[in-house]
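Student: One predicted model, sequence on top.
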Amino acid sequence: MTRCLKRDLAAAAAAAVLVAVAVLVGHRIQREDGTLHVNWPPLSAVWEPHVGPGTVPALVLAVAVALWGPTAAARLRWGVLPPAVWGAATAWTFALALVDGWQRGVVERMENRHEYLAAVDRFADVPAALRGFTDHILIDSPDNWPTHVAGHPPGATLTFVLLDRVGLGGGGWAGAFCIVVGASVCAAVVVAVRALAGESLARGAAPFLVLVPGAVWMGTSADAYFAAVAGWAVAFLALALTGRSVWWAAAAGLLFGWACHLSYGLVLLGVLGAAVLLLGARTVSRRPVVVVLLLTGTAVVPVAFALLGFDWWEAYRLLVDRYHQGAGGVRPYGYWVWANLACTVLVVGLATVAGLRRAGGVARRARRSLRGAALGPGGGGGAQVPDGPVRLAVLVAGALLTILVADLSGMSKAETERIWLPFALWLVPACALLGGARGWLAAQAAVALAVNHCLLTSW
């Protein structure tokens, strides 16, 4: 066993210990005073070992991707790879959701009284609903919105209103929409990694994105849909900065503006966007145009909502008030500030933790190399670090910083296994830096299968 592999395994083991400690400490806190407000801390879930219609397909897909995924990702023509990743990720997510059965695993998740579908009938007059949206956010307001409607800008609910208007109403269609659209984020990440760090690393990351354990919560959760919108915003920005049409920046801006009207927390996508702009530093001549188009596109959605009567800032202020009123319970910061990270380990898997360790090593070597180059000959800078891994390390560092900001803000306490999907999935490309892909893919699948078969998650 090489020293590098030993360090990878040590990082994965440390992450597993973090999860175990979060489980043990969380159960003790919840048993003694009930302040965590989740049934199986740190996850919103209950202990219920079970199998279902999706068990066999999930096992077959896990084995197939682990054995043949790396080879297929390396050999497929590039134009075929992103759609193949999307299709395989969709199948994996559906299989995991169906472990709980179609009704319990998909339909009932979306028809829960706290979800968006509960408010669809109240949007018969959309402009009127938007003008009066802020009147129903606080817990003590008359006819207050269901939990998720109140907790998000109205773009989220409007999506399901639109589905209902075109004849795709109900939990089944809503769940299928979230799974199919949400799985496209995996293709978006592959596209962005290729543009920013090179095709070889994008191909290496592809099978890990397919088998990401976060698929447990992508099926079925509207946050999977949010992750896809955010993911394509980042991917389009990457395309605009790396030699493709600058008009991709306008598309990125439109999607970023829409993302901010799906979830307030997605304003933090700007941190990841800043990392992408940094990686586009080579295209200095086009960067001002890209930034202008990005900002112009971003302004379109907020202006449209404002003209229709929705005040984003007022709604967010009221949501913070609702949060401190005890919506979902007043959860202790001292536990969740680190237990949220344990949730993230379960979302991205142990292989991603090992990949992040490798990315950190790449960053350290690059810094030493730059320092040595600055000192000149004999400066002890060491070997030149390949550019692709360095750029990948910057991208995943941007995603990690986004998560840390969300965590330290205190506005993310519990349920981050779904809420952080738009950020956490950008950590997964670090797996492209690992050796022994098949073994790590098996570990990823094992985490997802264990969680989905031992626990009945809320999403």
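Tutor: It's in.
Student: Low-confidence ranges, this structure, go.
Tutor: Along the chain, segments meeting pLDDT under 70 span 281-285, 326-329, 372-385.
Student: Let me know the secondary structure of Leu168.
Tutor: Look at Leu168: counting by DSSP: H, G, I helix; E, B strand; the rest coil, its state is coil.
Student: these two touch, right, it and Gly175?
Tutor: No. If you go by CB atoms under 8 Å, Leu168 and Gly175 don't touch, sitting 10.9 Å apart. C-beta here means a position set from N, CA and C on the backbone, and glycine is covered the same way.
Student: Tell me which of these two has more neighbours.
Tutor: Shown here are Leu168 and Gly175; by other CB atoms under 10 Å, Gly175 has more neighbours (25 against 14).
Student: name the element the more buried one belongs to?
Tutor: Take DSSP states H and E as the rule and Gly175 turns out to sit in helix 171-197.
Student: mind exporting whichever strand or helix holds Val290 as CSV, just the C-alpha atoms?
Tutor: In this assignment (DSSP H and E), Val290 forms part of helix 287-307. Coordinates of each C-alpha in helix 287-307 appear next as CSV, following Å, rounded to 0.1, in the frame of the first residue of the first chain:
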residue,chain,number,x,y,z
ARG,A,287,-13.6,38.8,-19.0
PRO,A,288,-15.1,42.4,-18.8
VAL,A,289,-17.7,41.5,-21.5
VAL,A,290,-18.5,38.2,-19.7
VAL,A,291,-19.0,40.1,-16.4
VAL,A,292,-21.3,42.7,-18.0
LEU,A,293,-23.4,40.0,-19.7
LEU,A,294,-23.4,38.0,-16.5
LEU,A,295,-24.7,40.9,-14.4
THR,A,296,-27.2,41.9,-17.0
GLY,A,297,-28.6,38.4,-17.2
THR,A,298,-28.7,38.2,-13.4
ALA,A,299,-30.8,41.4,-13.2
VAL,A,300,-33.6,40.2,-15.4
VAL,A,301,-35.3,37.8,-13.0
PRO,A,302,-35.2,40.1,-9.9
VAL,A,303,-36.5,43.0,-11.9
ALA,A,304,-39.4,40.9,-13.3
PHE,A,305,-40.3,39.7,-9.8
ALA,A,306,-40.1,43.2,-8.4
LEU,A,307,-42.4,44.5,-11.2
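Student: Give me the helices and strands touching it, please.
Tutor: On a contact count with 3 or more CB pairs under 8 Å, 6 or more residues apart in numbering; DSSP states H and E, helix 287-307 meets helix 154-165, helix 222-241, helix 248-259, helix 312-325.
Student: switch to 6 Å and redo it
Tutor: On a contact count with 3 or more CB pairs under 6 Å, 6 or more residues apart in numbering; DSSP states H and E, helix 287-307 meets helix 248-259.
Student: quick one on the thing from earlier: so what secondary structure elements neighbour the helix holding Gly175?
Tutor: If you count contacts as 3+ CB pairs under 6 Å, 6+ apart, helix 171-197 packs onto helix 81-98, helix 108-110, helix 199-210, helix 222-241, helix 387-408.
Student: who's in contact with the next helix-or-strand element following the first one?
Tutor: Counting by DSSP H and E, the next helix or strand C-terminal to helix 81-98 is helix 102. Counting contacts by CB atoms under 6 Å, 6 or more residues apart in numbering, no residue outside helix 102 touches it.
Student: at 10 Å instead, please
Tutor: For helix 102, the surrounding residues in contact (CB atoms under 10 Å, 6 or more residues apart in numbering) are Gly52, Pro53, Gly54, Phe94, Glu108, Gly171, Gly172, Gly175.
Student: Which parts of the stretch 351-459 of the chain are helices?
Tutor: 387-408, 416-419, 421-424, 437-454 (DSSP state H, counting those that start in this stretch).
Student: ranking those helices by burial, who's on top?
Tutor: Comparing the helices of the stretch 351-459 of the chain by mean neighbour count (mean count of other CB atoms under 10 Å), helix 421-424 ranks first with a mean of 28.
Student: counting contacts, what elements does that one pack onto?
Tutor: For helix 421-424, the elements it packs on are helix 171-197, helix 215-218, helix 222-241, helix 269-279, helix 333-348, helix 387-408, helix 416-419, judged by 3 or more CB pairs under 10 Å, 6 or more residues apart in numbering; DSSP states H and E.
Student: what's the offset of the second one from the middle of its chain?
Tutor: Which is helix 215-218. Centroid separation for helix 215-218 versus its chain: 10 Å, with CA atoms, centre = their mean, to the nearest Å.
Student: quick one: buried residues of that helix?
Tutor: For helix 215-218, the neighbour count (16 or more other CB atoms under 10 Å) marks Ala215, Val216, Trp217, Met218 as buried.
Student: For that helix, enumerate the helices and strands it packs against.
Tutor: Counting contacts by 3+ CB pairs under 10 Å, 6+ apart, helix 215-218 is packed against helix 81-98, helix 171-197, helix 222-241, helix 333-348, helix 416-419, helix 421-424, helix 437-454, strand 455-457.
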